[in-house]
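> Sharing a model prediction with you, sequence too.
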Amino acid sequence: MRKIPAVINGYHLNLDVTMQRNFKSKDWFGASHVRVVNKGHAPSSWPFKRMLPNECILIPWSVASKEQIHNAINGYTRHADGAKFRYRSERSGMAVWCKSQRERKPKPVMKGTTN
């Protein structure tokens, strides 16, 4: 089984990857059931850029709140070309499924400049 390393709010995780063909994004639980201790602005490295299409991970409620996960998914989707995700609230955490992922193309180097 493949694992994706992530750092979320200062917690170092190795998230298990499962294969999902499709699931509907539903919100089974409201924000009231999620109790999380926010560690402030600890550096985070979300696992979304390392996911491949049809892969699903589960982010536990103990490391991030529902709003943080939503903001991280929406922020990455806005800046990554062609990345699409679906997510679903579950009892143990937020299940995130990668619908499509396109790698960013490197920026062209202008003539007459050196790197």
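Looks like it arrived, so ask away. Numbers count the residues shown, from 1 in each chain.

> now the strands: where do they sit in this protein?
Per DSSP state E, the chain carries strands over the ranges 3-8, 11-16, 18-19, 55-60, 84-89, 93-100.

> and the fifth one, which residues are buried?
Across strand 84-89, burial judged by 16 or more other CB atoms under 10 Å covers Phe85, Arg86, Tyr87, Arg88, Ser89. For every residue, glycine as well, the C-beta is placed using N, CA and C.

> Pull up the pairing partners for that strand, direction included.
When pairing is defined by DSSP bridges, strand 84-89 lines up against strand 93-100 (antiparallel).

> Residues in contact with the partner strand: which ones?
Strand 93-100 is touched from outside by 20, 22-23, 48, 51-61, 64, 66, 69, 73, 82-89, with contacts defined as CB atoms under 8 Å, 6 or more residues apart in numbering.

> got a list of what Val7 touches?
Taking CB under 8 Å, 6+ apart, we find Val7 in contact with Leu13, Pro43, Ser44, Ser45.

> Give the bridge partners for the last one, please.
It refers to Ser45. Counting by DSSP bridges, Ser45 is bridged to Val7.

> what about this structure, any weak spots by pLDDT?
Regions of the chain meeting the criterion pLDDT under 70 cover residues 21-42, 102-107, 112-115.
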